[in-house]
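Chemist: what follows is a predicted structure for the sequence shown.
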Amino acid sequence: PLAIPDATRVPCRCVVTTSGKGPTPNAIEQWPGLRHGRDDTTELVLIRHGRTAANRSGVFQGSMDVPLDELGLRQADAVAMRVSQDFPPDRIVCSTLSRARTTAIPLSRLTGIEPVYRDELQEMSFGEYEGKTWQEIERINPSFIAQLGNYSDESVTWPGGESRGGFHARIWTAMERIVHEHHGLRVAVISHGGVIGAFMALLRGQAPGDPAIYSLRNCSITHLHVRDTHTEVHRFNDVDHLDGIEEIGRAEEIDL
């Protein structure tokens with residue numbers, strides 16, 4: 001079973017924020033499930049990687065090492081500029097997959113910070129179904145697609161890949177590790193839609209198996225403050241920095 005505090009199931013408390021250093025959010029969600037027990041704040045700036053050709057075509061990438069496409073490279077430049085100006089990090093922690101590593105390059109260049117790469121931030125492994133679309137998987141194995149529809153079933157395992165429960169435990173542990181290793185610092189975490197989406201669902205007490213939670217835009221920003229008693233969500237899926245970049249559409253919103 002996933003070792004996440006029951007407190008994550010507590011409904012959120014929202015407060016309106018009208019002041020503060022830097023960009024001001026309209027409201028802050030407060031969740032008690034992730035906390036570090038010290039009288040300081042650790043900030044997480046969660047960044048989804050830029051677009052790939054697989055994102056555009058709706059192919060399940062998972063652990064496949066797929067490069068950014070031309071739009072993805074422009075998105076990486078845009079998010080790097082935004083983060084370096086509005087949320088300048090003290091550290092950069094990044095998935096080892098190339099689409100995340102390439103997204104980290106402009107931010108590293110602007111900040112002078114060398115990323116730390118971690119395997120545990122990789123996307124979920126979809127096993128033998130990587131490189132296939134949802135429609136192709138449905139034709140090959142309709143009973144498996146039906147299993148996926150039970151969002152609360154943590155035992156569902158992708159053939160040759162990861163189980164839901166194993167993936168969720170991995171990413172929760174990875175985020176806890178980042179928080180506890182960086183007390184009082186702001187950390188840019190560059191990862192994947194599945195990783196960030198499932199982590200946020202777990203934090204909010206939602207069903208992390210629901211594919212609707214993975215609709216994070218490429219190079220979106222999700223900004224958290226982890227405090228001694230709770231975690232505050234200041235921004236979620238923020239893409240203001242992508243205004244003017246063409247071709248942003250539904251195809252690249254889903255990390256597959």
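Modeler: Nice, thanks for sending it over.
Chemist: and stretch 83-102, what's buried?
Modeler: Within stretch 83-102, the residues that qualify as buried are 83-84, 86-87, 89, 91-95, 97, 99-102, counting by 16 or more other CB atoms under 10 Å. C-beta coordinates here come from the backbone N, C-alpha and C atoms, glycine included.
Chemist: from the residues you listed, which land in strands?
Modeler: Secondary structure from DSSP state E places 91-95 of the buried residues of stretch 83-102 in strands.
Chemist: how about those residues, which pair is most distant?
Modeler: R91 and S95 (14.7 Å; CB to CB).
Chemist: about what we covered before: of all the buried residues of stretch 83-102, which comes closest to A198?
Modeler: Nearest member of these to A198, counting by CB to CB, is S95, at 13.8 Å.
Chemist: report how many residues lie close to the nearest residue to the closest one once chain neighbours are set aside.
Modeler: Spatially, and ignoring its direct neighbours in sequence, S95 is nearest to L121 (4.0 Å; CB to CB, 6 or more residues apart in numbering). Burial of L121 is recorded as 24 neighbouring residues (other CB atoms under 10 Å).
Chemist: next: the one 10 residues further on.
Modeler: G131 has 14 neighbours, counted by other CB under 10 Å.
Chemist: with N150 instead?
Modeler: 13.
Chemist: after the host helix or strand of L203, which helix or strand is next?
Modeler: In this assignment (DSSP states H and E), L203 forms part of helix 193-204. Using DSSP H and E, the helix or strand that follows helix 193-204 in sequence is strand 221-226.
Chemist: closest to M64 out of the buried residues of stretch 83-102?
Modeler: Nearest to M64 among the buried residues of stretch 83-102, with distances taken as CB to CB, is L97, at 8.2 Å.
Chemist: so who does the closest one touch?
Modeler: 49, 63, 65-66, 122-123, 192 (CB atoms under 8 Å, 6 or more residues apart in numbering).
Chemist: give me the pLDDT for it.
Modeler: pLDDT recorded at L97 is 98.
Chemist: what do you get for G249?
Modeler: At G249, pLDDT is 45.
Chemist: stretch 28-46: end-to-end distance?
Modeler: End-to-end span of stretch 28-46 (CA to CA, to the nearest Å): 16 Å.
Chemist: please, which helix or strand holds the nearest residue to T52 once chain neighbours are set aside?
Modeler: Using CB to CB, 6+ apart and skipping the chain neighbours, the partner closest in space to T52 is V66 (4.6 Å). Counting by DSSP H and E, no helix or strand carries V66.
Chemist: isn't V66 up against R56?
Modeler: No: at 10.7 Å, V66 does not count as touching R56 under the criterion of CB atoms under 8 Å.
Chemist: so which of those two has more stuff around it?
Modeler: V66 (21 against 16).
Chemist: any idea how far apart the tips of stretch 206-219 sit?
Modeler: For stretch 206-219, the end-to-end distance is 23 Å (CA to CA).
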